[in-house]
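Asks: Just to be clear, the model below is a prediction. Sequence and coordinates:
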Amino acid sequence: MDMQETFFKGDALLINKIGRSFSINDIVYIEYPIKDSTKPVTYFFQRIIGTPGDSVAIVDKVVYLNGKALEDTFTIKHNYYLRSTVIMDSLNRVKYNLQEGDRISEKNDYSFSITKLQADSLSKMAIIEKIELEMEKKDNSDLSCFPYSINYKWNMDNYGAIYIPKKNDTLQLDTINIVLYKRLIQDHENNTLELKSDSIFINNLYTKTYYVKQNYYFTLGDNRDNSNDSRKWGFLPEKSIIGKSIWLIKKAKR
């Protein structure tokens, strides 16, 4: 689901597991960075949109890297509201390549995950009365988004800005921003972390700083509004990257 439209069932991918150099827009094969002893390890693909030392923000679905807007690849999908004059049954969904989504009212109102190219094409069809990009409002706090705090009024469409730590960074810590770095300190870099009143203790020592031991990245899925990515779980540690895609062999069409 995360990379739907970029990859399809039956495609073959070559993964480079040797090099450790990753750039913006690289598609990487990663191990899910949140550990759960009750569940098997999960592997999947994501697109890098922030590297160590970068700052990432999302404003009305547009990704900004260090203050500059990134242009989406043609494979990026978003959720669109659609009203049609006909019922989008299974035959029409195949005809118009509407693979993900469903009816949202008793009338012919639908929500589909599609590319901008698809949306532009549909908007010119006589059967489409209305089509528009679905958007969460700014300052509408989604507590399912990292760092899961009311102090950060972020959601999937309006997120950040967030700084991506790099190896040898010294992070300044306080009782507000500690939510950004708690998982990094505890889970990714194997320290104990405790808050006592307005004080922070790492490995039982009072501190106001933390020295970062490895590089981190920020990734998104190409199926942007239906992706389990850095907006949900935060920084991706470099050790969780298995490799990057260097070649795609598309399944032959019959």
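Replies: Received it, and whenever you're ready, just let me know what you need. These numbers were taken from a predicted model, which means no experiment stands behind them.
Asks: use CA for all of it now, contacts and neighbours both
Replies: Fine.
Asks: what's around Gly67, how many residues?
Replies: 12 (other CA atoms under 10 Å).
Asks: top helix in the protein by residue count?
Replies: Ranked by residue count and defined by DSSP state H, the top helix of the chain is helix 116-123.
Asks: Show me which positions of that one end up buried.
Replies: Neighbour-count burial for helix 116-123, counted by 16 or more other CA atoms under 10 Å, picks out 116, 119, 122.
Asks: just those now: which is nearest Lys68?
Replies: If you rank the buried residues of helix 116-123 by distance to Lys68 using CA to CA, Lys116 comes first, at 20.6 Å.
Asks: Relative to Leu133, how far out is the closest one?
Replies: Noted for Lys116: a distance of 9 Å to Leu133, by CA to CA, to the nearest Å.
Asks: next one: Tyr81
Replies: For Tyr81 relative to Leu133 (CA to CA), the value is 6 Å.
Asks: Looking at the two, which one has more neighbours?
Replies: A direct count of neighbours by other CA under 10 Å for Tyr81 and Leu133 places Tyr81 higher, at 19 against 16.
Asks: a strand runs through the more buried one, doesn't it?
Replies: Yes. Checked against DSSP: H, G, I helix; E, B strand; the rest coil, Tyr81 lies within a strand.
Asks: Quick one: residues contacting Ile24.
Replies: Going by CA atoms under 8 Å, 6 or more residues apart in numbering, Ile24 touches 47-51.
Asks: Now do it against Gly101, distance only.
Replies: 29 Å.
Asks: Please apply the same query to Phe112.
Replies: Taking CA to CA, one finds Phe112 at 4 Å from Gly101.
Asks: Neighbour count for the two, which is higher?
Replies: Comparing Phe112 with Gly101 by other CA under 10 Å, the one with more neighbours is Phe112, at 21 against 15.
Asks: What pairs with the helix or strand containing that one, parallel or antiparallel?
Replies: Here Phe112, judged by DSSP states H and E, is contained in strand 109-115. Looking at strand 109-115 with DSSP bridges, its partner strands are strand 77-84 (antiparallel), strand 101-103 (antiparallel).
Asks: Quick check: which of these is nearest to Lys244?
Replies: strand 77-84 (21.1 Å).
Asks: So which bits of the helix or strand following that closest one are buried?
Replies: Remark: after strand 77-84, the chain's next helix or strand is helix 90-95, criterion DSSP H and E. Buried positions in helix 90-95, judged by neighbour count with 16+ other CA under 10 Å: Arg93.
Asks: re the thing from before, can you put the buried residues of helix 116-123 in a markdown table and add distance to Tyr181?
Replies: Converted to a markdown table, those look like this (distance: CA to CA, whole Å):
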| residue | distance to Tyr181 |
| --- | --- |
| Lys116 | 35 |
| Ala119 | 38 |
| Leu122 | 43 |
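Asks: quick revisit: which residues do Lys116 and Leu133 both contact?
Replies: With CA under 8 Å, 6+ apart as the test, Lys116 and Leu133 both reach His78.
Asks: What ranges does the stretch 1-150 of the chain have for its strands?
Replies: 12-16, 27-31, 43-50, 55-59, 62-65, 68-69, 77-84, 101-103, 109-115, 128-133 (DSSP state E, counting those that start in this stretch).
Asks: who's in contact with the helix or strand just after the last one?
Replies: Once the chain leaves strand 128-133, the next helix or strand it forms, by DSSP H and E, is strand 159-163. By CA under 8 Å, 6+ apart, the surrounding residues in contact with strand 159-163 are 53-59, 153-154, 231.
Asks: hmm, 6 Å instead?
Replies: Residues outside strand 159-163 that contact it (CA atoms under 6 Å, 6 or more residues apart in numbering) are 54-58.
Asks: Now Asp198. Nearest residue, chain neighbours left out?
Replies: Spatial nearest neighbour of Asp198, excluding adjacent residues (CA to CA, 6 or more residues apart in numbering): Thr175 at 6.3 Å.
Asks: Also Thr42?
Replies: Thr42 sits nearest to Tyr32 (CA to CA, 6+ apart), 5.4 Å away.
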